[in-house]
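Participant: When you get a sec, could you give me coordinates for this:
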Amino acid sequence: MLKHVLEVIELLDRPQANGRLLADHLCSVLDTARAQAAGTADLPDPAGVGISVERVEGAGGGTDFVKVTVPGRAGRQAGGSAPTLGILGRLGGVGARPERVGLVSDADGAVAALAAAAKLLDMYGRGDVLEGDVVLSTHVCPDAPTRPHDPVPFMDSPVSVLDCNRAEIDPTMDAVVSIDTTKGNRLLNHRGVALSPTVRQGWILRVSDDLLGILETVTGEAAHVLPITTQDITPYGNGVHHINSIMQPCVATDAPVVGLAVTAGSAVAGCATGASHEGDIAAAGRFALETAKEFGRGAAHFHDAAEFDRLVELYGPMTRLQATGDARG
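Facilitator: This next block holds a predicted model:
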């Protein structure tokens, strides 16, 4: 995974970074893997792999959304019933030019998602196919704006969070891992990665034991949990404080969502350069990959579905927290 992280950083850390550059790289990873595995029986058909780039323009400029679909052996694309995992790299931008020169801390989520995509494509090309489909998405913008935020400045995005959700959330996703740099706070003073509680349809649920186990296996240390509040799972633009956009996918899907935060021991601005730690990003990518393996074969669950249904039965739906404005249910 670290090799893929380094290759993705090399492509993103330049003013010419764009989605097509990354898509071409991912295509070459798949082609190289297949070439090296030539002659092996029963190699999967690469026709099922999807790598696309969509340009989206917003009030603050434009950005390129990169989406990768890696088919599973028993996933929907194969006519099977194995669940589909979504892996999202959340960020405002990979660069803040001309205000800052270089790769910003906020890019970590994009790097992790793209590195995980590259690793999955490399595996697929060699014949290591997971049970379920995996859909990965992020966006590439080398000149995103910044904005004030307490305690340190945030990276802003050239497009709205609503646009990000529209481009990144796929209706086939049965669960979502949202990877985001989460260093600009004083809530979790630990360098590495941390897992959020599971959120589904406005409910903040207990932390998944299965995912905690995967995290501890990947990092080799006790799991760290990112504290989130009700405010954090409401849509951006409602005038309340959010820790960052890590939980924003939960407002756009009925599927369970977890945040995987790339964290630091001190408050680090999202627009800071020289603040990305490749080993931590690789750990985030490995968590996403291992979760895809276990979720697709039914061995890892994001939440207790029966317990969720019981909560809704007892207290009613909380979907109003997914709505913008003054929508009340």
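
Participant: can you pull out the strands in the protein?
Facilitator: For the chain, applying DSSP state E gives strands covering 50-58, 61-70, 85-90, 134-140, 146-147, 154-155, 175-181, 192-195, 199-200, 203-204, 257-263.

Participant: would you list those strands in CSV and tack on distance to residue 238, mean pLDDT and mean neighbour count?
Facilitator: Bear in mind the C-beta positions are built from the backbone N, C-alpha and C, glycine included. Formatted as CSV, the strands of the chain follow (distance: least, C-beta to C-beta, whole Å; pLDDT from 0 to 100; neighbours: other C-beta atoms under 10 Å):
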stretch, distance to residue 238, mean pLDDT, mean neighbour count
strand 50-58, 19, 96, 15
strand 61-70, 23, 97, 23
strand 85-90, 18, 98, 30
strand 134-140, 23, 98, 28
strand 146-147, 16, 84, 16
strand 154-155, 16, 82, 24
strand 175-181, 19, 98, 29
strand 192-195, 25, 98, 22
strand 199-200, 16, 98, 27
strand 203-204, 17, 98, 20
strand 257-263, 18, 98, 28
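
Participant: Among those, which comes closest to residue 216?
Facilitator: strand 192-195 (9.8 Å; C-beta to C-beta).

Participant: Am I right that residue 98 is in contact with residue 143?
Facilitator: Yes: counting by C-beta atoms under 8 Å, residue 143 is a contact partner of residue 98 at 7.3 Å.

Participant: Just want to know which of these two has more residues nearby.
Facilitator: residue 143 (19 against 8; other C-beta atoms under 10 Å).

Participant: Kindly state the beta-bridge partners for the more buried one.
Facilitator: For residue 143, the beta-bridge partners are residue 96 (DSSP bridges).

Participant: just so I have it, where are all the helices in the chain?
Facilitator: 2-12, 19-36, 108-126, 161-168, 209-219, 278-296, 305-315 (DSSP state H).

Participant: center of the chain, which residue is that?
Facilitator: residue 88 (2.4 Å; C-alpha atoms, centre = their mean).
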